[in-house]
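> For reference, the sequence and a predicted model appear below.
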Amino acid sequence: MFLVINKKSKYSLAAFTLIELLVIIAIIALLSTLSVIALNNARAKARDARRLSDVKQISTALELYYNSHGIYPNSPNPVGTPITNLCLSELGITSTCGTEVYMKNIPADPAKDKHYLYAPLINNSSFNLIYDEETIADCPTDWVRVPGNTLYNTHSFCVMKYEAKIKGIDNGNTAYSASYEPESRPSGTPWVNITQTNAKLECESIGAHLITEDEWLSIVRNLELQASNWTGGAIGSGQITRGNSNSSAAMDGTSELDGVNKRTHILSNGEVIWDLAGNVYDWTDATIMGKNQPSGVVSEAGWLEYTVLTNYGDIAPEKLLPMNNYNSNQGYGQIFSIGSSTNTINYGFRRGGYWRNNGARAGVLTLILNVPPNDYYKYIGFRCAL
Ligand SMILES: [Ca+2]
Ligand SMILES: [Ca+2]
């Protein structure tokens, strides 16, 4: 039997031409490459499934803590420390457990270089739980992946690394044309003079969407937990940098600024995003009527520190306020609201501040609510998300 097969294969081999052999070798090489890719994808998917399950379990343990204590635990010490392998007990999130244990060994992210992050918000009445999925968002060139956040129900997503530019045109300060297409790239100045309505349509035209408030906040809650985004080099020390906010014009995305005007922020997964604060305002996709806006003691239109708000209107506090009762002194910016209890006009959300905010008014949580969705200005741009 063995002999027969051997004979036959010898005969077959002789019948192949060199070309045929090369084709077969190329096909085998391609198939093995494909199967390696498929295997890597399957592994990344398995890690993502693990992440979702871990995050669910950690959230459950945090709810158990809340049931006993009426608040969520403090951040691990120092703030921004990964919660990997720490213990959640009546002592909070610490390296050694107390007696009342809710989770003995908080699971580690399945990838060695990634970590889950936890931070409470609004006097420990809510919390961020941040996790970075690998496969959910496979981001295009010059877009960045942003980790998900349980507080905002966001999975990991892609967002433009730069404020949107007009494809093929370097001067973004031009009259709107529907024939223009949005693109994320370093060169050129941001696409401005565009209404919130058209910014939505333009993002949809490339298969994306205008960044949502939940996505914006997921970025801010992540970067505020990275020490290198603070001028003092530690979380809460100095300010979160506020970008191009003290100059005479919008800039392209090729030159960085120094100190408090640094234009880039880093995320927990190492991704770098430009001009979230400053340069031009970024539309987000939300709208709110004047009468439903947050307000302070003085009931008139104007800039307010977050710390002096007496009424949050229709915006949930965790979607509005800086952590730890911080305000513009920590680089978060301020809010501009209409300050009227009767105004029924709709206004679009825009974030971050712009080149001429002279400091305090620019910041990663700056929010201005006085421009309707169909108005446009040379200092309002946008960015898309996927
Ligand atoms: Ca277009
Ligand atoms: Ca901006």
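Everything's here; your move. Ligands and ions are numbered 1, 2, ... in the order given.
> Would you map the helices across this structure?
2-15, 18-69, 196-205, 213-223 (DSSP state H).
> Select, out of those, the one closest to ligand 2.
Among the helices of the chain, the nearest to ligand 2 by C-beta to the ion is helix 213-223 (10.7 Å). The way it works is simple: take the backbone N, C-alpha and C, and place the C-beta from them, glycine included.
> Which secondary structure elements does that closest one sit against?
strand 117-121, strand 126-131, strand 143-146, strand 148-149, strand 157-160, strand 264-266, strand 281-289 (3 or more C-beta pairs under 8 Å, 6 or more residues apart in numbering; DSSP states H and E).
> Got the domain ranges for this structure?
If you go by automatic domain parsing, the domain ranges for the chain are 45-131, 139-386.
> okay, the ones you listed in a markdown table with distance to ligand 1 and mean neighbour count next?
Shown next, in a markdown table, are these (distance: least, C-beta to the ion, whole Å; neighbours: other C-beta atoms under 10 Å):
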| stretch | distance to ligand 1 | mean neighbour count |
| --- | --- | --- |
| domain 45-131 | 33 | 17 |
| domain 139-386 | 5 | 20 |
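> re the thing from before, can you list the helices and strands packed on helix 213-223 in TSV and add mean pLDDT and distance to Ile83?
Putting those into TSV (pLDDT from 0 to 100; distance: least, C-beta to C-beta, whole Å) gives the following:
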stretch	mean pLDDT	distance to Ile83
strand 117-121	97	5
strand 126-131	97	9
strand 143-146	97	19
strand 148-149	98	14
strand 157-160	97	22
strand 264-266	98	19
strand 281-289	98	29
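> Tell me, please, the helix or strand in this protein that averages the lowest pLDDT.
helix 2-15 (a mean of 50; mean pLDDT, DSSP states H and E).
> Met103 against Cys87, yeah?
Yes: using C-beta atoms under 8 Å, Met103 is in contact with Cys87, at 7.0 Å.
> With adjacent residues omitted, what lies nearest to Lys114?
Asp132 (5.3 Å; C-beta to C-beta, 6 or more residues apart in numbering).
> burial count for that neighbour?
Applying other C-beta atoms under 10 Å, we find 26 residues neighbouring Asp132.
> from what I can see it touches Ser268, true?
Yes: under the criterion of C-beta under 8 Å, Asp132 lies in contact with Ser268, with a separation of 6.7 Å.
> what sits in contact with each of those two?
Pro147 (C-beta atoms under 8 Å, 6 or more residues apart in numbering).
> Tell me where this protein is predicted with low confidence.
1-14, 137, 298-300 (pLDDT under 70).
> Mind doing that once more with 80?
1-16, 27-39, 136-137, 297-301, 358-359 (pLDDT under 80).
> Which positions in it make contact with ligand 2?
Residues of the chain found near ligand 2 (C-beta under 5 Å from the ion) are Asp275, Asn279, Asp282, Gly352.
> for the second one, what are its contacts?
Right, the one you point to is Asn279. So Asn279 contacts Glu163, Pro190, Gly243, Asn244, Ser245, Ala250, Met251, Arg263, Gly352, Tyr354, Trp355, Gly381 (C-beta under 8 Å, 6+ apart).
> re the thing from before, strands - which of the residues of the chain next to ligand 2 land there?
Asp282 (DSSP state E).
> Pick out the most distant pair among the residues of the chain next to ligand 2.
Within the residues of the chain next to ligand 2, two members stand farthest from each other by C-beta to C-beta: Asn279 and Asp282, at 8.8 Å.
> any shared contact partners between those two?
Glu163, Gly352, Gly381.
> closest to ligand 2 among these?
Minimum distance to ligand 2 across the shared contacts of Asn279 and Asp282 is 4.1 Å, recorded for Gly352 (C-beta to the ion).
> didn't that closest one look like it was pressed against Ile368?
No: if you go by C-beta under 8 Å, Gly352 and Ile368 don't touch, sitting 9.3 Å apart.
> and for the two, which residues touch both?
What both Gly352 and Ile368 touch, as defined by C-beta under 8 Å, 6+ apart, is the set Tyr281.
> gap between the nearest residue to Gly233 once chain neighbours are set aside and ligand 2?
Nearest residue to Gly233, sequence neighbours excluded (C-beta to C-beta, 6+ apart): Ala227, at 5.9 Å. As judged by C-beta to the ion, to the nearest Å, Ala227 and ligand 2 stand 22 Å apart.
> Over to the residue nearest to Lys114: give its phi and psi.
phi -110, psi 110 (degrees, to the nearest 10).
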